[in-house]
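Engineer: Provided below for reference: sequence and predicted model.
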Amino acid sequence: MKYTDNDMCAILLCSHLALGEDDHVKPFSLGEWGSFLQKLKVLGLKPDVVFSPDDTWLHDMSYSELYRDRIKRLLSRGISLAFALDDMGEQGINLVTRFSREYPILLRKKLQYKAPPLLFYSGNLSLVNKIGISVVGSRNIDTDGSIFAKKLVEKAVSEELIVFSGGARGVDQISEGTALACGGGAVSFISDSLISKIKKKDVNRALLEQRLLLLSDVKPDVGFSVGRAMNRNKFIYAASYGAFVVQSDYNKGGTWNGAMESLKNRYTNTFVWANDKYEGNMKLIENGGIPYNLGDAKLFDIINKVYTDSMKQQNLFLP
């Protein structure tokens, strides 16, 4: 994949690629990156200015000498980073930055400066910018929840909607697996071990068939952490035209926190299965979640989108 100078600026300043274990320089945090862009904007500059032989711009940004040194060290690893990107590409993983036209449109629009500056991905990147719903829920889903999730995804696929999830055990895996088994397309935001997931036989097949996209805002070899899993929930919601909560605990767990965050920030219309067996579901509805039960109504209509020929998605998987 070819990267522009703006792309390379984001990758050099915000990624851990090509940083050795003994290198203590830290990439920009999301907040630091946002501040950096704001300072450039005030000066009427674009990110590609970092590759100018004249570093006057760096002094004009009013950073301390220590901070300027940090930026220079991050930018100095261009050659080693190029090799790292090549190696990663050979393994089937690429990067897309917020400067790219292929970057998830809804993430950029809804999250704005909270949107990650770059995303690692494997698979068909165009899937993320197609109309779809996210299907989320507990890792420890029960039988009723499993049946509901499968039927909901089957309905979505029948309408040629993309299915978004988080790739975790439980509802996420059911959603992704059902969408692929039905011949649909799936997008999963992974919070850890992207490089391990793409090696799984069924996943690799779906990636090669261009029916699956895996995205992650963390380095592909990073392990699991609760914080990273919680953080990526906003991406699942924001990337979709409507989110459907299958099963949630009350006041605890990733599903509850992700749904409440979406309701608070209005990332998308958040629907909740109106099954009073699940206390968490009922409480989410009390907090603004939209009650939902499977019926004949099209999901397209339910997520408040006008269903017209101009909006209907073409079948991506026909010859």
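Structural biologist: Received the coordinates, thanks. These figures come from a predicted structure and were not determined experimentally.

Engineer: As a check, name the ranges of all helices in the protein.
Structural biologist: Secondary structure of the chain (DSSP state H): helices at 5-14, 30-42, 56-60, 65-75, 78-90, 105-111, 143-158, 171-181, 194-197, 201-208, 226-238, 253-265, 279-286, 299-302.

Engineer: What residues sit buried inside stretch 97-106?
Structural biologist: For stretch 97-106, a neighbour-count test (16 or more other C-beta atoms under 10 Å) marks Thr97, Arg98, Phe99, Ser100, Tyr103, Pro104, Leu106 as buried. For every residue, glycine as well, the C-beta is placed using N, CA and C.

Engineer: Quote the end-to-end distance of that stretch.
Structural biologist: Distance between the two ends of stretch 97-106: 14 Å, counting by C-alpha to C-alpha, to the nearest Å.

Engineer: swap in stretch 272-285?
Structural biologist: Across stretch 272-285, the terminal residues are separated by 7 Å (C-alpha to C-alpha).

Engineer: Please apply the same query to stretch 13-29.
Structural biologist: 9 Å.

Engineer: What ranges in the chain fall below the confidence cut-off?
Structural biologist: 21-22, 304-319 (pLDDT under 70).

Engineer: Try it again at 50.
Structural biologist: Residues of the chain meeting the criterion pLDDT under 50: 305-311, 314-319.

Engineer: about what we covered before: so for Val49, which of the helices of the chain sits nearest?
Structural biologist: helix 56-60 (4.9 Å; C-beta to C-beta).

Engineer: Verify the contact between Ala186 and Gln210 for me.
Structural biologist: No - the pair Ala186 and Gln210 fails to qualify as a contact (C-beta atoms under 8 Å) at a distance of 11.4 Å.

Engineer: which one of these two has more residues nearby?
Structural biologist: Ala186 (28 against 15; other C-beta atoms under 10 Å).

Engineer: List the residues that contact that one.
Structural biologist: 127, 162-165, 175-176, 179-180, 206, 211-213 (C-beta atoms under 8 Å, 6 or more residues apart in numbering).

Engineer: Can you lay out those residues as JSON lines showing neighbour count and distance to Asp144?
Structural biologist: Listed next are these as JSON lines, based on neighbours: other C-beta atoms under 10 Å; distance: C-beta to C-beta, whole Å:
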{"residue": "Leu127", "neighbour count": "22", "distance to Asp144": "29"}
{"residue": "Ile162", "neighbour count": "26", "distance to Asp144": "25"}
{"residue": "Val163", "neighbour count": "26", "distance to Asp144": "20"}
{"residue": "Phe164", "neighbour count": "33", "distance to Asp144": "22"}
{"residue": "Ser165", "neighbour count": "28", "distance to Asp144": "19"}
{"residue": "Ser175", "neighbour count": "29", "distance to Asp144": "16"}
{"residue": "Glu176", "neighbour count": "26", "distance to Asp144": "20"}
{"residue": "Ala179", "neighbour count": "29", "distance to Asp144": "20"}
{"residue": "Leu180", "neighbour count": "21", "distance to Asp144": "23"}
{"residue": "Ala206", "neighbour count": "24", "distance to Asp144": "27"}
{"residue": "Arg211", "neighbour count": "20", "distance to Asp144": "28"}
{"residue": "Leu212", "neighbour count": "25", "distance to Asp144": "27"}
{"residue": "Leu213", "neighbour count": "24", "distance to Asp144": "29"}
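
Engineer: Could you export the residues you listed as CSV, including distance to Ala156?
Structural biologist: Below are those laid out as CSV (distance: C-beta to C-beta, whole Å):
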residue, distance to Ala156
Leu127, 13
Ile162, 8
Val163, 6
Phe164, 10
Ser165, 11
Ser175, 9
Glu176, 12
Ala179, 7
Leu180, 12
Ala206, 16
Arg211, 14
Leu212, 15
Leu213, 16
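
Engineer: I appreciate the help and will end here.
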